[in-house]
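>>> need coordinates for the following:
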Amino acid sequence: MDSEAIRDLFAPLGHVTIRRMFGGKGIYFNGLIIALEVDGELLLKADELTAPEFAAAGSTQWVYEGAMRKGKVAMPYWSIPDSAADDPDELLPWARKAYEASVRAQSTKKPKKKKPT
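As a prediction, the model looks like this:
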């Protein structure tokens with residue numbers, strides 16, 4: 001999916017920025033990552049509060065074969081529900097859930113230690 005199509009799909013949420021990463025794209029809103037584009041598929045960020053909602057809507061969790069670890073690694077990103085796959089208005093509540101999950105994840109991170117000068 002090209003960057004312009006991604007921006008159009010997320011337009012009801014507001015301005016998103018897109019950065020290349022890991023052979024795909026990271027999609028950011030208000031400076032926080034809310035979604036990934038991997039192999040042409042959009043995946044929205046979820047957490048323990050929203051993952052059950054994604055699952056109930058028929059979404060699947062992104063799992064990949066880890067290079068450093070043996071076995072599969074489940075990531076906190078879920079496919080977009082079919083009803084919202086190409087409809088910006090239908091995607092909006094799911095994009096908001098992804099943003100809220102990203103805000104919660106950011107609030108639980110430990111502050112970075114300052115490097116000694």
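>>> quick one: average pLDDT of the longest helix along the chain?
Assignment by DSSP state H gives helix 88-108 as the longest helix of the chain. Averaged across helix 88-108, pLDDT comes to 95.
>>> what helices and strands are in contact with the helix or strand of the chain with the lowest mean pLDDT?
Within the chain, no helix or strand scores below strand 61-65, which has a mean of 87 by mean pLDDT, DSSP states H and E. Here strand 61-65 touches helix 51-56, strand 72-79, going by 3 or more C-beta pairs under 8 Å, 6 or more residues apart in numbering; DSSP states H and E. Where C-beta positions appear, they are placed from N, C-alpha and C, glycine not excepted.
>>> identify the residue nearest V38 in space, chain neighbours excluded?
In space, and not counting its chain neighbours, V38 is closest to G24: 4.2 Å by C-beta to C-beta, 6 or more residues apart in numbering.
>>> how many neighbours does the closest residue to L92 other than its chain neighbours have?
Nearest residue to L92, sequence neighbours excluded (C-beta to C-beta, 6+ apart): P12, at 4.4 Å. Counted with other C-beta atoms under 10 Å, residues neighbouring P12 total 15.
>>> tell me the secondary structure at P12.
Following DSSP: H, G, I helix; E, B strand; the rest coil, the label given to P12 is coil.
>>> mind listing what's buried in the longest helix of the chain?
Residues of helix 88-108 classed as buried by neighbour count (16 or more other C-beta atoms under 10 Å): E90, L91, L92, W94, A95, K97, A98, Y99, E100, A101, S102.
>>> do stretch 1-10 as well
Buried, per 16+ other C-beta under 10 Å, within stretch 1-10: I6, L9, F10.
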